[in-house]
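>>> 3D, please:
(chains A, B, C, D, E, F, G and H, ligands or ions: 10)
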Amino acid sequence: MVSNRGEIMAIKDLPTDEYILKGHAACPGCPATIALRITLKALGKKTILIVPACCSAVIQALHPHTAFNVPTLNIAFEASAAAASGVAAALKMLEKKDVLPVVWAGDGGSYDIGLQALSGALERGTDFIYICYNNQMYSNTGIQRSGATPYGAWTTTTWTGKKERQKELAEIVMAHHIPYVATATIAYPEDLYEKMKKAKEMKGPRYIEILSPCPPGWRFDMSKTVEMSKLAVETGAWVLYEVINGELKFTGYSKRILEGKERKPIEEWLKMQGRFRHLKPEDIEEIKRQLDEKWEHYKKIYGGKE
Amino acid sequence: MVSNRGEIMAIKDLPTDEYILKGHAACPGCPATIALRITLKALGKKTILIVPACCSAVIQALHPHTAFNVPTLNIAFEASAAAASGVAAALKMLEKKDVLPVVWAGDGGSYDIGLQALSGALERGTDFIYICYNNQMYSNTGIQRSGATPYGAWTTTTWTGKKERQKELAEIVMAHHIPYVATATIAYPEDLYEKMKKAKEMKGPRYIEILSPCPPGWRFDMSKTVEMSKLAVETGAWVLYEVINGELKFTGYSKRILEGKERKPIEEWLKMQGRFRHLKPEDIEEIKRQLDEKWEHYKKIYGGKE
Amino acid sequence: MKTAISIPTEGAMGKTGTWRVFHPVIDLDKCIKCWRCWIFCPDAAISRNEHPVIDYDYCKGCGICSNVCPVNAIEMRREEK
Amino acid sequence: MKTAISIPTEGAMGKTGTWRVFHPVIDLDKCIKCWRCWIFCPDAAISRNEHPVIDYDYCKGCGICSNVCPVNAIEMRREEK
Amino acid sequence: MLKEIIFYGRGGQGAVTAANLIASAALKSGNKGVQAFPFFGAERRGAPVKAFARISDEEIFVRSQIKEPDIVVVLDTGIMDAIDVTQGLKKDGIILMNTNRRPEEISLPYKVATVDATSIALKNEILVGGIPVVNTPMTGALVRILDGIKLEALKEAMVERFGKNADKNAKAAEEAYKAVII
Amino acid sequence: MLKEIIFYGRGGQGAVTAANLIASAALKSGNKGVQAFPFFGAERRGAPVKAFARISDEEIFVRSQIKEPDIVVVLDTGIMDAIDVTQGLKKDGIILMNTNRRPEEISLPYKVATVDATSIALKNEILVGGIPVVNTPMTGALVRILDGIKLEALKEAMVERFGKNADKNAKAAEEAYKAVII
Amino acid sequence: MQQCLPCKCYRNEEGGKMIIVDTANHIAALAAKMARPHVIAAYPITPQTTIVERLAEYVEKGELNAEYIRVESEHSAMAACIAAAATGARTFTATSSHGLLLMHEMLHWAGLARLPVVMVNVNRAIGPGWNIWSDLNDSLAQRDTGWIQFYASSNQEVFDSVIQAYKIAENEEVLLPAMVSYDGFILSHTSMPVEVPEQSKIDEFLPDFKPGWILDVENPITHGNIVPPEPYMEIRYSMQKAMDKAKKVIEEVGEEYGKKFGREYGLVEEYRCENADYVIVAMAAMAAEAKVAVDELRQKGEKVGLLKLRTFRPFPHERLKYDKMIVIDRDICPGLGGIVYNEIKGNGSEIYGFIAGLGGVDVSYKDIERMYELAKEGKEGWYPIEVK
Amino acid sequence: MQQCLPCKCYRNEEGGKMIIVDTANHIAALAAKMARPHVIAAYPITPQTTIVERLAEYVEKGELNAEYIRVESEHSAMAACIAAAATGARTFTATSSHGLLLMHEMLHWAGLARLPVVMVNVNRAIGPGWNIWSDLNDSLAQRDTGWIQFYASSNQEVFDSVIQAYKIAENEEVLLPAMVSYDGFILSHTSMPVEVPEQSKIDEFLPDFKPGWILDVENPITHGNIVPPEPYMEIRYSMQKAMDKAKKVIEEVGEEYGKKFGREYGLVEEYRCENADYVIVAMAAMAAEAKVAVDELRQKGEKVGLLKLRTFRPFPHERLKYDKMIVIDRDICPGLGGIVYNEIKGNGSEIYGFIAGLGGVDVSYKDIERMYELAKEGKEGWYPIEVK
Ligand SMILES: Cc1ncc(C[n+]2csc(CCOP(=O)(O)OP(=O)(O)O)c2C)c(N)n1
Ligand SMILES: Cc1ncc(C[n+]2csc(CCOP(=O)(O)OP(=O)(O)O)c2C)c(N)n1
Ligand code: SF4
Ligand code: SF4
Ligand code: SF4
Ligand code: SF4
Ligand code: SF4
Ligand code: SF4
Ligand SMILES: [Mg+2]
Ligand SMILES: [Mg+2]
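Numbers count the residues shown, from 1 in each chain, chains lettered A, B, ... in the order given. Ligands and ions are numbered 1, 2, ... in the order given. Just a heads-up that it's a prediction; the model follows:
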């Protein structure tokens, strides 16, 4: 990982500034909190967070206290990107040009109920960063399926496993032709940090999605959050890339896969998670087929690129 | 144009069945009505139309009469695709398997306020056809900008011309990986008819978008609706294609452009429309640049295909 | 129980032919029966008989038929009233 | 005027260290100061001093630090109460 | 004294604008109460439309539609086939019609005034999409019939509304003012 | 007679399930009125939680929270550092604790009963994610303290709730029933 | 003991009756299932979630033959129910608080379209700040939408009301949507014993859905195009008449239910109102709690009764004629006051109003007794903020 | 004559006053502009559209220095206004009917967040079927959302109320959002003369917006995280107190406006109520029409007056004390009746209620005179469906 300044970025280089205070309300082992800690290290103090209904609204802890140390506007589930347009417009008029509106939303609030507001804000060119921390389900309400829930996964509204494939939100966002789209995950903090920094320095709508493996939702041991995140990339279940003005570049381990590194067998990832426990061999075959198809497609693009 | 049965389709071969009754409320020269007439010729009697707020809700004429001769459910502006899911579910449970739910929505109801419901229905695999007749603005409320309004166009909410590029809804829909996506326009009724027929014979979510040049909205003479539609294709302002299970195929005149036929100068199209009258030469240059970029992109895809 | 149920009716909006300012007249000698006028009429006001027949009760006089006719068989004339 | 305004506070949810069932113990001799435990702690309970220091008032005992430590310098021990 | 006027025309002919011009002109001529409003349909271009104007020397509180007008203005006689424009017209009411016929030629049980606004519009090249727009000449003619509105005030109202396009409209109005046959 | 019970535990330990099992068992044992409900927090895993149960021979209409319990059940003594579990406890109330200590060793101004539910859970391998789940043994111990609930009824309630997993829970409950020191 | 097919659990048998102990949410799901809806469209929200989870389970495990539409928002949930009902299906949905608010437009739609959609709303306070606990502002704010509104005080009533709601809503003289509401957590997550009738008896009680109008390719009609003023006003009038009619139907259906299942219902429930000097008026869980207060007060010799408002729409004006009433509102209309209080107050009685329990503030029978004392002193207001 | 910079048109000058003739919608846009909002977020809907068009024009032509957010729905419009207000901006939006209904959730939000967003609602009936004409159901159905509600009867009042709405909403003891409503078409598309003050005077009258709280990177706070029951109830209480306070502020601001601009306003407007036997209560355009009826009836020797409800929230109970009242509702709450009627009816008066003019049915002063006659005969009900 090479920083903007050309140096190799390491964990020790990440700032010690902390905007998430100790004693918040997240579950032990929460990926959303890890992601947000790193994100705010990159974005810094002059950030206004806009948070729709999701775990991150709860994580803040109870009024009259909050664990978030940047100004934070909680907003209705479906309205975060619209609210960001409002914040951005107000900042512009009040001449606070160095303050950045940042949406911090779950996958439910992004893929499903918040998609329209997101699409609207992208189309009208709102100057903000939209971040979706994707734990592939509605965790705040107790593990229901979302548009991001992968095929086959158990949730409390897909008892026998989800029958549909997940929506590809980052692709949908890309089809809006905005300046910056990127994917990340918590296991690679330098990558996440760099992408945030890069986004911060651009203008217009920017979108970053962070895979966030959630122990209670995915049913795995709370100490394995980071491991699960890493394995998602290594098995190809999650892909790291960024798209700058339409130019797609794979990053990190995902890039290495495209350069020839073997993808770890997806079973390794599936088996660690209770939500996939019910899968029959043929289901796993189907998942593999889908994954291969997806990577075939990436390979084509990648091949086309370099 | 070759029909499913391999014959050449001509206008005379289109059925005389008529589901739009004379004496409706559309403006003289209305493209939406032409598009719907042809559409219903293809889809036939066993169609349930779902219509959100838009010109087509008005075109039906006043209660207690209607000019639409298939069952038609008017529904709230943002809810047509969700309503289609409801109709589809009911039809399935009531074992009316040969009846097809069809959304007939404007661009405002598809690109903007209805996008979320549309995306949701696509993700959950609703068995229906969604048709967007795109007149590139909110015409029913008197010509306001929509996500589909092209760059530079005057509307009553973009007095000096729209500053943003249009959303690419068909691309966004494609990113949902549904079985069928197609674009059409009224000047090519056989093409439109064939695409509808093809969609009808498939299962799952299908999306068809029809460019519908609107005389009062675009400010041109009401006799030129068809001419304007044709010119949109010939100048490359509109592109005809279909995507079957992810496989993209350009059709008609658009395909011919990719095969080398010259695109007519975009000025021809722009100059016929009052909504572009205010454009300065540099605006037109910008539009040309955007168009060239788009066609460069199509060429790449097309090149990649054959 | 009353709700907004409407019944399919020809002339739901009345005789919309009264909206017309110009009316189309077909020169049947020129007509080659390509049926473009028929398919493109937004008001479904042209029927496919032996030859195209315009229903002046409902033709709104948009002039599309005239515009699309490949042989210029349709002329738009000012309504005389 | 009262509305739902909240003030940034350490321990907003109280001393969340009480949620813990296991607690992490760092073997400083093993530690190579890679700071992985620090960056990955969801509770920001590890600070970057000379060496990593755990704030047991707030450590919820998830065990991530132990899991990510490249040299296995962190052991999770059952809480004794 | 309250005067109530109904304008009949087609979507696109500017009946509502005519009502508005008359209201503005009336205010400028010293009437305290003026009102102009369309009949609130969902009409599209070409469909018959209706607009209303009220003029009074006192503030107007009535908000309901005009049912018994003092004056009826017909911008397009074509619509008289579809609509009875005399409906509710007061016994001593006046109908002002856009036609090249003379009042005598029109057999209606009301006082009739006529003006060939179409020709005046064509002559002054007031056209939209090739179609003559007759609303401004008709307001000129109407001012002639109405007490208490000055032609100058109507012209001012046009300047406000049309800016640089006001001239030819004002000219047409003046011509119609002169040409109207009562 | 109305009996009110509060269960204290941590998110994930099954305090709410314990309350529900007791309610079901009470109904099966002939009590007409039973109720079980959580304290309605937005708590996450690991945080201290509270659950309530009411048992009565008549239909229960009270819907409010229990503020003066007859019995307090502590699933995890660790939370006693953070919370005063005796709050509101009736003077003649009982505290049932999960601990390997004996009641005498606990200095509280209330009647205390103890049971080493953790050991029983471990022994019977009732674990989730490696953590012993003590709710079912604790219900066994509680039944011993409560009048009018049969151990058999508790076991039935477990069969209903856990299906094939009921056996080891029932066994643990029975062991705790026997092992509880009052 | 015997195994119950509906929810695959074992139950006590007592004189032929099946009693289960479960939360109001699971009971609501069970009732909805036993009403045999064709289409369910719902979106999760605390504290309604366990209803939709349970229904999803029923459908996926083949215990309920229905289409379950996993919508992307509550607005869409209601749109899907409306459209399914218009296609001839019996429908169900459930929501709470912000979910209900997001449906607002579509609630009006279902009402004006005269589609008997049945919904459960789990009452929860409105944000911001987020508050997941009970008050009735969410559903009361929908009181203009043309929905019949029931409020339940026990899990048994939840079951019984959901079943009756279908019968009432689908009555050909009513044909209006109906909502069954109950307090979040206080009922939704509280297990209580519930007697569950056999499916066959429910089937007898609840005939197949006969729609008032339908989207039918053999008889095409258009629904909902532009309606001019006069017919629009008639549509509104017809709605109001249906609401009037519903009062009778609610009483009749409640009686029939009583005959069949042993528990009778009506517009309101009177409790110890005979010769009462004061009648307490309450809804939902608070009405159950108030029974305890009335019992205690009566024991002390106070002449108090309780009027439980089971039906809030249509509003049973005619049943609210007592000299002195104490109205407890778990709701507030800012700039007006208690909603129930304000709707009752024209009835000519002496009325004392209390606002209590907003956002889940616990209100016990002791508090209600205190409100009674305060009312006797001529006091009223926000309890315990203004008056204690 | 002089040219007015605000809307670039020429105007009559009369004693220094500028009078223009324009529709209520254009007047609303002009007033909004002169209030100098920082942020406008709006979505078109008939019959509000010409407001947002005009505002877009002002902004694009550089006549108004504001950010105009072209949102993709009304839900988003209100969310954007809320967020902008929370960032310290003065905001404006306008909508109607279904647009307002779709905002429902966010209306509650703005209220509870105590953000003084100002909105114009153009009253239009609710569908289905689509009906674009006036009745007040849309805004009255929002009466629980914590918004101050004004109803205007003339274009002049539209202008004056929009300006005052800012001053009232932003008052530090109020800090609540405010809505100015008026009838679609009947006002929105009707040109009437309006006196427009000079910008400088408006600026004097309306000081800069001082927010009650703000998202500020130098003083980070969180707004809207989870609020437990007790503080939640206090937030609700504080809202109610602000509404109470607003009554005084509305009167004060109305008086100050009167002093400065010659037109005084208050909670209500009384017209010829002296020694009236009957007082007609009406809102919005109907209240203007009723003046004509009162004048005619007085001329005939009938002792009738008019009470125009200008403010519906906070509800001015204390101003509605007449022996006999005739309440005309251009709205209906199905299952209850006329909304205004039901809110007034507790005031101890003899009240006759009429439902009239739904979905744009034309109601003339003659109809109002007829209602008066009917009331005198002891009749009431739906006019003219039930009583004629
Ligand atoms: C309109 C509305 N509907 C439903 C909810 C309930 N709700 C709150 S958070 C949530 C799920 C959030 O899921 P996601 O966005 O993925 O965030 P996560 O909880 O997974 O962090 C739901 C359904 C709500 N608050 N508002
Ligand atoms: C919630 C809501 N907002 C706004 C409207 C007003 N409205 C009705 S149709 C329309 C524009 C429709 O545009 P489009 O979908 O492109 O269809 P078109 O009118 O162009 O045919 C608008 C804004 C509405 N009916 N409902
Ligand atoms: S449920 Fe998952 S995402 Fe939510 S707080 Fe817990 S660990 Fe974090
Ligand atoms: S405005 Fe355009 S789309 Fe709408 S009815 Fe008229 S011609 Fe058709
Ligand atoms: S003029 Fe227009 S409406 Fe008339 S027949 Fe021709 S195409 Fe049809
Ligand atoms: S378009 Fe012309 S040639 Fe073709 S059928 Fe019509 S009139 Fe005949
Ligand atoms: S156990 Fe978890 S909470 Fe505690 S220090 Fe380690 S990572 Fe942080
Ligand atoms: S992860 Fe291990 S080696 Fe790295 S700093 Fe922490 S304790 Fe030291
Ligand atoms: Mg999620
Ligand atoms: Mg459109």
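>>> just checking, G:K210 touches G:L175?
No. G:K210 sits out of contact with G:L175 when judged by CB atoms under 8 Å, with a separation of 9.6 Å. C-beta coordinates here come from the backbone N, C-alpha and C atoms, glycine included.
>>> which of these two has more neighbours?
Neighbours were tallied for G:K210 and for G:L175 using other CB atoms under 10 Å in any protein chain shown; the higher tally belongs to G:L175 (23 against 12).
>>> where's A:V99 relative to H:T87, distance?
9 Å (CB to CB, to the nearest Å).
>>> Identify the contacts common to these two.
Shared contacts of A:V99 and H:T87 (CB atoms under 8 Å, 6 or more residues apart in numbering or on different chains): A:48, A:91.
>>> of those two, who's got more company?
Counted by other CB under 10 Å, A:V99 and H:T87 do not tie: H:T87 has more neighbours, with 30 against 21.
>>> Where do the strands of chain C begin and end?
Secondary structure of chain C by DSSP state E: the strands cover C:5-8, C:22-26, C:46-48, C:52-54, C:74-78.
>>> Could you dump those into JSON lines and include distance to B:K203, mean pLDDT and mean neighbour count?
Formatted as JSON lines, the strands of chain C follow (distance: least, CB to CB, whole Å; pLDDT from 0 to 100; neighbours: other CB atoms under 10 Å in any protein chain shown):
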{"stretch": "strand C:5-8", "distance to B:K203": "29", "mean pLDDT": "98", "mean neighbour count": "21"}
{"stretch": "strand C:22-26", "distance to B:K203": "43", "mean pLDDT": "96", "mean neighbour count": "20"}
{"stretch": "strand C:46-48", "distance to B:K203": "33", "mean pLDDT": "96", "mean neighbour count": "19"}
{"stretch": "strand C:52-54", "distance to B:K203": "38", "mean pLDDT": "97", "mean neighbour count": "19"}
{"stretch": "strand C:74-78", "distance to B:K203": "42", "mean pLDDT": "94", "mean neighbour count": "15"}
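>>> Between those, which one is closest to chain G.
Chain G lies closest, by CB to the nearest CB, to one member of the strands of chain C: strand C:5-8, at 4.4 Å.
>>> Now find how far off-centre the closest one is within its chain.
Strand C:5-8 sits 23 Å away from the centroid of its parent chain (CA atoms, centre = their mean, to the nearest Å).
>>> what do you get for stretch A:147-158?
17 Å.
>>> And for stretch E:41-55?
Worked out by CA atoms, centre = their mean, stretch E:41-55 lies 12 Å from the chain centre.
>>> show me where the stretch 51-200 of chain G has strands.
Here the stretch 51-200 of chain G has its strands, by DSSP state E, counting those that start in this stretch, at G:67-70, G:91-95, G:118-123, G:148-151, G:178-183, G:191-196.
>>> what packs against the first one?
Taking 3 or more CB pairs under 8 Å, 6 or more residues apart in numbering or on different chains; DSSP states H and E as contact, the helices and strands that strand G:67-70 lies on are helix B:80-93, strand G:39-42, helix G:49-60, helix G:74-86.
>>> Please list the strands that it pairs with in its sheet, giving the direction of each pairing.
Strand G:67-70 sits in its sheet next to strand G:39-42 (parallel), going by DSSP bridges.
>>> touching ligand 1 at all, the strand it pairs with?
No. Strand G:39-42 stays out of contact with ligand 1 when judged by CB under 6 Å from any ligand atom, the minimum separation being 10.5 Å.
>>> Next up, the contacts around the residue of the stretch 51-200 of chain A found nearest ligand 10.
The nearest approach of the stretch 51-200 of chain A to ligand 10 comes at A:E123, 15.0 Å away (CB to the ion). Residues in contact with A:E123 (CB under 8 Å, 6+ apart) are A:176, B:111, B:147, B:164, B:167, H:72.
>>> and the closest residue to C:T18 other than its chain neighbours, how many neighbours does it have?
Leaving aside its chain neighbours, C:T18 sits nearest to E:A82 (4.4 Å; criterion: CB to CB, 6 or more residues apart in numbering or on different chains). Using other CB under 10 Å, the number of residues around E:A82 comes to 15.
>>> and E:A82, what does it touch?
By CB under 8 Å, 6+ apart, the residues touching E:A82 are C:14-15, C:18, E:48.
>>> Is stretch A:91-105 in proximity to chain H?
Yes. Interface with chain H: stretch A:91-105 contributes A:91-94, A:99 (CB under 8 Å from any CB of the partner chain).
>>> which SSE is A:A184 in?
Element membership of A:A184 [criterion: DSSP states H and E] is strand A:180-185.
>>> Output the contacting helices and strands for that strand.
Here strand A:180-185 touches helix A:169-174, helix A:189-200, strand A:205-211, helix A:225-234, strand A:241-244, going by 3+ CB pairs under 8 Å, 6+ apart.
>>> all strands for the stretch 1-150 of chain A, in order.
In the stretch 1-150 of chain A, the segments counted as strands under DSSP E, counting those that start in this stretch are A:47-52, A:65-66, A:72-75, A:100-106, A:128-134.
>>> Listing request: residues of chain A with sub-threshold pLDDT.
Residues of chain A meeting the criterion pLDDT under 70: A:1-8, A:304-306.
>>> In a helix, E:P137, correct?
Yes. Using DSSP: H, G, I helix; E, B strand; the rest coil, the assignment for E:P137 is a helix.
>>> What about A:G125, how many residues nearby?
A count of nearby residues for A:G125, using other CB under 10 Å, gives 17.
>>> can I assume it is in contact with A:P205?
Yes. A:G125 lies in contact with A:P205 (CB under 8 Å); the separation is 6.3 Å.
>>> tell me, what residue is most central in the chain?
You didn't say which chain, so I picked chain A. A:I210 (1.9 Å; CA atoms, centre = their mean).
>>> meant chain G actually
Centre-most residue of chain G, counting by CA atoms, centre = their mean: G:V180, 2.4 Å.
>>> got the CA coordinates for stretch G:258-267 in CSV?
Presented in CSV, the C-alpha positions along stretch G:258-267 are these (Å, rounded to 0.1, in the frame of the first residue of the first chain):
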residue,chain,number,x,y,z
GLY,G,258,-68.2,-14.5,21.6
LYS,G,259,-70.8,-17.1,20.7
LYS,G,260,-68.3,-19.1,18.8
PHE,G,261,-65.2,-18.7,20.9
GLY,G,262,-66.4,-17.6,24.3
ARG,G,263,-64.9,-14.1,24.3
GLU,G,264,-67.2,-11.3,23.3
TYR,G,265,-66.0,-7.9,22.0
GLY,G,266,-67.5,-4.6,21.0
LEU,G,267,-66.6,-1.0,20.4
